[in-house]
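[1] Sharing a model prediction with you, sequence too.
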Amino acid sequence: MTDAEYPPIVMYTQAFCGYCAAARSLLKKKEVPYEEIDVTLNAPMRREMMDRSGKSTVPQIFIGDQHIGGYDQLSKLDRDGKLDGLLKRSE
């Protein structure tokens, strides 16, 4: 699949975050492209993340316009067999 076949995935992260690393690993395992925004020392991007998600913790993951939440929610979707369906662009 090409990048155009996937919905845009955005993940807000910060340095030294184990949950961020786990989310990165899961998305890499799924072989899907994603944009990572490091909010470690970036107050404007942290504010954007908080405005979009209503949360201050990382990671915060979006698939298309849908807020998934953090790593726990992402991995639950995967365990429940629902993540692959979200990762496919509807035709």
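    Nice, I can see it.
[2] Which residue ranges of this protein form helices?
    Taking DSSP state H as the criterion, the chain contains helices spanning 18-29, 43-53, 71-79, 83-87.
[3] rank those by mean pLDDT and give me the bottom one.
    Comparing mean pLDDT across the helices of the chain, the lowest value falls on helix 83-87: a mean of 94.
[4] Now do it: distance to the chain's middle.
    12 Å (CA atoms, centre = their mean, to the nearest Å).
[5] Stretch 66-78 too?
    With CA atoms, centre = their mean as the basis, stretch 66-78 stands 8 Å off its chain's centre.
[6] Adjust the sequence numbering to begin at 25 for everything that follows.
    Right, with 25 as the first residue, what we last looked at is stretch 90-102.
[7] tell me which residues in it are buried?
    Residues of stretch 90-102 classed as buried by neighbour count (16 or more other CB atoms under 10 Å): 92-95, 97-98, 101-102. Placement of C-beta: from N, CA and C, glycine included.
[8] Same question for stretch 60-76.
    Neighbour-count burial for stretch 60-76, with 16+ other CB under 10 Å as criterion, is recorded at 61-63, 70, 73.
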